[in-house]
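> structure of the sequence below:
(one chain, ligands or ions: 1)
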Amino acid sequence: MRLGSIALCLFVSLPALGRPLTVLIDPGHGGSNVGAPSRHPGLYEKQITLAIARALKQQLSLAGHRALLSRDEDRFLTVRQRSRQAKQLGADLFLSIHANASVAHDKHGVETYVLDHQTAELDEHRASAAVTGAEVLFTGLRTLDVRQRSIALGRVVQAALARERAAEDNRGVREGGYDVLAGLEVPAVLVEVGFLDHPAEGARLLQASEQQRIAYALAQAIDQFAKSEPAPFAILRRENGGER
Ligand SMILES: [Zn+2]
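Purely as a prediction, here's the structure:
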(Lines give C-alpha, C1' and ligand atoms only; values in the text may rest on other atoms or scores of the structure.)
Protein backbone atom coordinates (compact mmCIF):
# COMPACT_ATOMS: atom_id res chain seq x y z
CA MET A 1 0.00 0.00 0.00
CA ARG A 2 1.22 3.52 -0.79
CA LEU A 3 2.01 5.81 2.12
CA GLY A 4 -0.35 8.47 0.81
CA SER A 5 -3.33 6.34 1.66
CA ILE A 6 -2.37 6.04 5.33
CA ALA A 7 -3.86 9.47 5.98
CA LEU A 8 -7.23 7.97 5.25
CA CYS A 9 -6.99 5.38 8.00
CA LEU A 10 -9.31 6.52 10.76
CA PHE A 11 -8.66 5.42 14.32
CA VAL A 12 -11.68 6.38 16.34
CA SER A 13 -13.37 5.37 19.56
CA LEU A 14 -16.49 3.42 18.87
CA PRO A 15 -19.53 3.09 21.07
CA ALA A 16 -20.56 -0.36 22.19
CA LEU A 17 -20.98 -2.63 19.21
CA GLY A 18 -24.59 -3.50 19.97
CA ARG A 19 -25.03 -5.06 16.59
CA PRO A 20 -25.26 -8.57 15.27
CA LEU A 21 -21.81 -10.10 15.03
CA THR A 22 -20.45 -12.60 12.57
CA VAL A 23 -18.92 -15.23 14.84
CA LEU A 24 -16.62 -17.96 13.59
CA ILE A 25 -16.87 -20.94 15.94
CA ASP A 26 -13.97 -23.34 15.67
CA PRO A 27 -14.60 -26.87 17.00
CA GLY A 28 -11.14 -28.06 18.06
CA HIS A 29 -9.49 -31.04 16.32
CA GLY A 30 -11.30 -33.27 13.80
CA GLY A 31 -10.59 -36.20 11.49
CA SER A 32 -7.33 -37.95 12.33
CA ASN A 33 -6.62 -35.29 14.96
CA VAL A 34 -8.91 -36.70 17.64
CA GLY A 35 -7.77 -34.54 20.57
CA ALA A 36 -7.96 -35.70 24.16
CA PRO A 37 -9.62 -39.07 24.84
CA SER A 38 -12.69 -39.14 27.06
CA ARG A 39 -13.33 -41.87 29.62
CA HIS A 40 -15.78 -43.44 27.19
CA PRO A 41 -14.17 -45.62 24.48
CA GLY A 42 -14.51 -44.09 21.02
CA LEU A 43 -15.44 -40.63 22.27
CA TYR A 44 -12.82 -37.96 21.85
CA GLU A 45 -12.43 -34.24 22.23
CA LYS A 46 -13.18 -33.71 18.50
CA GLN A 47 -16.77 -34.98 18.94
CA ILE A 48 -17.43 -32.99 22.13
CA THR A 49 -16.14 -29.73 20.64
CA LEU A 50 -18.30 -30.20 17.53
CA ALA A 51 -21.42 -30.89 19.60
CA ILE A 52 -20.87 -27.75 21.69
CA ALA A 53 -20.04 -25.70 18.58
CA ARG A 54 -23.26 -26.77 16.84
CA ALA A 55 -25.32 -25.92 19.93
CA LEU A 56 -23.54 -22.55 20.21
CA LYS A 57 -24.26 -21.79 16.57
CA GLN A 58 -27.93 -22.40 17.22
CA GLN A 59 -27.95 -20.24 20.36
CA LEU A 60 -26.16 -17.35 18.66
CA SER A 61 -28.48 -17.51 15.66
CA LEU A 62 -31.45 -17.28 18.03
CA ALA A 63 -29.87 -14.16 19.55
CA GLY A 64 -29.65 -12.60 16.07
CA HIS A 65 -25.97 -13.15 15.36
CA ARG A 66 -24.49 -14.76 12.27
CA ALA A 67 -22.71 -17.86 13.48
CA LEU A 68 -20.47 -20.01 11.31
CA LEU A 69 -18.48 -23.18 11.95
CA SER A 70 -14.92 -23.73 10.76
CA ARG A 71 -15.93 -27.39 10.36
CA ASP A 72 -19.38 -28.97 10.58
CA GLU A 73 -18.22 -32.54 10.13
CA ASP A 74 -15.50 -34.86 11.34
CA ARG A 75 -12.62 -33.67 9.21
CA PHE A 76 -9.02 -32.59 9.66
CA LEU A 77 -8.19 -28.91 9.37
CA THR A 78 -4.83 -27.24 9.93
CA VAL A 79 -4.73 -24.31 12.35
CA ARG A 80 -4.09 -22.02 9.41
CA GLN A 81 -7.18 -23.31 7.57
CA ARG A 82 -9.21 -22.48 10.67
CA SER A 83 -7.93 -18.95 11.30
CA ARG A 84 -7.89 -18.07 7.60
CA GLN A 85 -11.64 -18.62 7.46
CA ALA A 86 -12.11 -15.69 9.87
CA LYS A 87 -10.91 -13.27 7.22
CA GLN A 88 -12.54 -15.06 4.31
CA LEU A 89 -15.94 -15.07 6.00
CA GLY A 90 -15.69 -11.54 7.41
CA ALA A 91 -15.87 -12.70 11.03
CA ASP A 92 -16.02 -10.11 13.84
CA LEU A 93 -14.99 -12.64 16.43
CA PHE A 94 -13.23 -16.02 16.61
CA LEU A 95 -13.86 -18.65 19.27
CA SER A 96 -12.02 -21.96 19.35
CA ILE A 97 -13.55 -24.70 21.51
CA HIS A 98 -11.44 -27.35 23.23
CA ALA A 99 -11.57 -29.74 26.17
CA ASN A 100 -8.68 -30.61 28.45
CA ALA A 101 -6.95 -33.65 29.87
CA SER A 102 -4.29 -33.99 32.57
CA VAL A 103 -1.52 -36.50 33.18
CA ALA A 104 -2.88 -37.69 36.53
CA HIS A 105 -6.53 -37.38 35.42
CA ASP A 106 -7.22 -35.31 38.52
CA LYS A 107 -7.60 -31.77 37.17
CA HIS A 108 -10.94 -30.09 36.57
CA GLY A 109 -12.32 -26.69 35.67
CA VAL A 110 -12.65 -24.22 32.83
CA GLU A 111 -10.15 -21.78 31.36
CA THR A 112 -10.00 -19.24 28.54
CA TYR A 113 -6.88 -18.41 26.53
CA VAL A 114 -5.81 -15.34 24.61
CA LEU A 115 -2.74 -15.31 22.38
CA ASP A 116 0.39 -14.76 24.46
CA HIS A 117 2.46 -11.64 24.12
CA GLN A 118 5.48 -13.30 22.48
CA THR A 119 3.46 -15.01 19.74
CA ALA A 120 1.46 -11.81 19.14
CA GLU A 121 4.72 -9.86 18.77
CA LEU A 122 6.18 -12.43 16.39
CA ASP A 123 3.01 -12.20 14.40
CA GLU A 124 3.24 -8.44 14.29
CA HIS A 125 6.86 -8.59 13.12
CA ARG A 126 5.88 -10.99 10.38
CA ALA A 127 3.07 -8.69 9.24
CA SER A 128 5.31 -5.62 9.52
CA ALA A 129 8.04 -7.21 7.41
CA ALA A 130 5.78 -7.05 4.40
CA VAL A 131 5.09 -3.34 4.76
CA THR A 132 6.99 -0.09 5.20
CA GLY A 133 6.79 3.30 6.88
CA ALA A 134 3.53 4.26 8.49
CA GLU A 135 2.09 0.85 7.68
CA VAL A 136 4.33 -0.56 10.44
CA LEU A 137 2.66 1.75 12.94
CA PHE A 138 -0.71 0.78 11.55
CA THR A 139 0.09 -2.92 12.02
CA GLY A 140 1.31 -2.28 15.58
CA LEU A 141 -1.84 -0.41 16.54
CA ARG A 142 -4.02 -3.11 15.06
CA THR A 143 -2.16 -5.81 17.01
CA LEU A 144 -2.62 -3.84 20.23
CA ASP A 145 -6.30 -3.27 19.51
CA VAL A 146 -6.96 -6.94 18.76
CA ARG A 147 -5.10 -7.98 21.92
CA GLN A 148 -7.03 -5.62 24.19
CA ARG A 149 -10.35 -6.68 22.76
CA SER A 150 -9.41 -10.37 22.95
CA ILE A 151 -8.60 -9.98 26.65
CA ALA A 152 -11.92 -8.19 27.21
CA LEU A 153 -13.72 -10.99 25.37
CA GLY A 154 -11.77 -13.60 27.34
CA ARG A 155 -12.87 -12.10 30.64
CA VAL A 156 -16.55 -12.12 29.67
CA VAL A 157 -16.34 -15.67 28.29
CA GLN A 158 -14.49 -17.03 31.32
CA ALA A 159 -16.94 -15.37 33.74
CA ALA A 160 -19.87 -16.96 31.89
CA LEU A 161 -18.23 -20.42 31.80
CA ALA A 162 -17.36 -20.25 35.50
CA ARG A 163 -20.70 -18.82 36.66
CA GLU A 164 -22.38 -22.13 37.38
CA ARG A 165 -19.27 -23.86 38.61
CA ALA A 166 -17.62 -24.13 42.00
CA ALA A 167 -15.04 -21.43 42.69
CA GLU A 168 -12.14 -23.89 42.32
CA ASP A 169 -13.32 -24.73 38.79
CA ASN A 170 -12.51 -21.21 37.62
CA ARG A 171 -9.01 -21.58 36.20
CA GLY A 172 -9.06 -18.03 34.86
CA VAL A 173 -8.09 -16.18 31.69
CA ARG A 174 -4.64 -17.26 30.57
CA GLU A 175 -2.16 -16.59 27.80
CA GLY A 176 -1.03 -19.32 25.44
CA GLY A 177 1.04 -19.61 22.27
CA TYR A 178 -1.85 -21.14 20.32
CA ASP A 179 -1.19 -20.92 16.59
CA VAL A 180 -4.90 -20.98 15.85
CA LEU A 181 -5.19 -17.56 17.54
CA ALA A 182 -2.24 -16.09 15.63
CA GLY A 183 -2.65 -13.81 12.64
CA LEU A 184 -6.25 -12.91 13.44
CA GLU A 185 -7.40 -9.32 13.06
CA VAL A 186 -10.48 -9.73 15.25
CA PRO A 187 -10.95 -10.58 18.95
CA ALA A 188 -10.10 -14.24 19.38
CA VAL A 189 -10.11 -16.64 22.33
CA LEU A 190 -9.74 -20.36 22.91
CA VAL A 191 -11.84 -22.01 25.62
CA GLU A 192 -11.10 -25.22 27.48
CA VAL A 193 -14.53 -26.26 28.66
CA GLY A 194 -13.37 -28.87 31.18
CA PHE A 195 -11.24 -31.99 31.62
CA LEU A 196 -12.50 -34.97 29.63
CA ASP A 197 -10.47 -37.45 31.67
CA HIS A 198 -11.67 -36.32 35.09
CA PRO A 199 -14.05 -38.94 36.57
CA ALA A 200 -16.88 -36.52 37.36
CA GLU A 201 -16.29 -33.60 35.01
CA GLY A 202 -15.37 -35.89 32.10
CA ALA A 203 -18.64 -37.83 32.46
CA ARG A 204 -20.64 -34.60 32.61
CA LEU A 205 -19.02 -33.24 29.44
CA LEU A 206 -20.36 -36.21 27.48
CA GLN A 207 -23.96 -35.33 28.33
CA ALA A 208 -25.96 -33.36 25.78
CA SER A 209 -27.50 -31.27 28.59
CA GLU A 210 -24.06 -30.15 29.79
CA GLN A 211 -22.97 -29.38 26.21
CA GLN A 212 -26.09 -27.24 25.82
CA ARG A 213 -25.39 -25.45 29.12
CA ILE A 214 -21.84 -24.64 27.98
CA ALA A 215 -23.11 -23.42 24.61
CA TYR A 216 -25.68 -21.24 26.34
CA ALA A 217 -23.02 -19.69 28.60
CA LEU A 218 -20.77 -18.99 25.60
CA ALA A 219 -23.65 -17.45 23.64
CA GLN A 220 -24.58 -15.23 26.59
CA ALA A 221 -20.96 -14.08 26.86
CA ILE A 222 -20.67 -13.25 23.15
CA ASP A 223 -23.98 -11.43 23.20
CA GLN A 224 -22.85 -9.45 26.25
CA PHE A 225 -19.54 -8.65 24.55
CA ALA A 226 -21.39 -7.40 21.47
CA LYS A 227 -23.68 -5.19 23.52
CA SER A 228 -21.43 -3.76 26.17
CA GLU A 229 -17.78 -3.97 25.23
CA PRO A 230 -16.65 -0.77 23.57
CA ALA A 231 -13.92 -1.21 21.01
CA PRO A 232 -10.93 0.96 22.07
CA PHE A 233 -10.57 1.98 18.48
CA ALA A 234 -11.23 0.54 15.08
CA ILE A 235 -9.89 1.13 11.66
CA LEU A 236 -12.93 2.35 9.85
CA ARG A 237 -11.79 2.93 6.34
CA ARG A 238 -8.79 2.80 4.11
CA GLU A 239 -8.34 4.35 0.73
CA ASN A 240 -9.81 1.42 -1.11
CA GLY A 241 -12.13 0.40 1.71
CA GLY A 242 -12.63 -3.14 2.77
CA GLU A 243 -10.15 -3.65 5.56
CA ARG A 244 -11.03 -3.13 9.18
ZN1 LIG B 1 -7.83 -29.48 22.13
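
> what secondary structure does the residue most central in space within the chain sit in?
Among the residues of the chain, the smallest C-alpha distance to the mean C-alpha position (Cα atoms, centre = their mean) belongs to L95, namely 2.4 Å. Secondary structure for L95, judged by DSSP: H, G, I helix; E, B strand; the rest coil, is strand.

> which one is it nearest to, not counting chain neighbours?
Excluding its sequence neighbours, the residue lying closest to L95 (Cβ to Cβ, 6 or more residues apart in numbering) is I25, at 5.5 Å. Just so you know, the C-beta spots here come from the backbone N, C-alpha and C atoms, and that holds for glycine as well.

> residues of this protein that sit close to the ion?
Applying the criterion Cβ under 5 Å from the ion, the portion of the chain that neighbours the ion consists of 28, 35, 98.

> if I pick the first one, what's in contact with it?
Right, G28. When the contact criterion is Cβ atoms under 8 Å, 6 or more residues apart in numbering, the partners of G28 are 35, 45-46, 49, 96-99, 190.

> looking at the residues you listed, state which has the most neighbours.
Using other Cβ atoms under 10 Å as the neighbour definition, these reach their maximum at A99, which records 28 neighbours.

> check which helices and strands the helix or strand harbouring that residue sits against.
Assigning secondary structure by DSSP states H and E places A99 in strand 93-100. Secondary structure elements in contact with strand 93-100, counted by 3 or more Cβ pairs under 8 Å, 6 or more residues apart in numbering; DSSP states H and E, are strand 22-27, helix 45-62, helix 79-88, strand 188-195, helix 208-228.

> how about S128, what does it touch?
When the contact criterion is Cβ under 8 Å, 6+ apart, the partners of S128 are 135-136, 139-140.

> distance-wise, check it relative to T143.
Distance of S128 to T143, computed by Cβ to Cβ, to the nearest Å: 9 Å.

> repeat that for E168.
Going from E168 to T143 by Cβ to Cβ gives 34 Å.

> higher neighbour count, those two?
With other Cβ under 10 Å as the criterion, E168 and T143 differ in neighbour count, and T143 comes out ahead with 19 against 8.

> identify the residues contacting the more buried one.
T143 touches 120-121, 123-124, 127, counting by Cβ under 8 Å, 6+ apart.

> so how far is the ion from Q207?
Look at Q207 and the ion: by Cβ to the ion, to the nearest Å, they are 19 Å apart.

> pLDDT below threshold where in this structure?
Of all residues in the chain, those with pLDDT under 70 make up the ranges 1-18, 229-244.

> could you point out the longest helix in it?
The single longest helix within the chain, with elements called by DSSP state H, is helix 134-162.

> if we can go back for a sec, now render the contacts of S128 as JSON lines, adding distance to R82.
Putting those into JSON lines (distance: Cβ to Cβ, whole Å) gives the following:
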{"residue": "E135", "distance to R82": "26"}
{"residue": "V136", "distance to R82": "27"}
{"residue": "T139", "distance to R82": "22"}
{"residue": "G140", "distance to R82": "25"}
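
> which one of the residues you listed has the most neighbours?
Among those, the one with the most neighbours (other Cβ under 10 Å) is T139, at 20 neighbours.

> I'd say it and E124 touch.
Yes: with contact taken as Cβ atoms under 8 Å, T139 and E124 are classed as touching, separated by 6.0 Å.

> common neighbours of these two, please.
Counting by Cβ under 8 Å, 6+ apart, nothing touches both T139 and E124.

> most neighbours, which of the contacts of T143?
Top of those by neighbour number is A120, holding 22 neighbours under the definition other Cβ under 10 Å.
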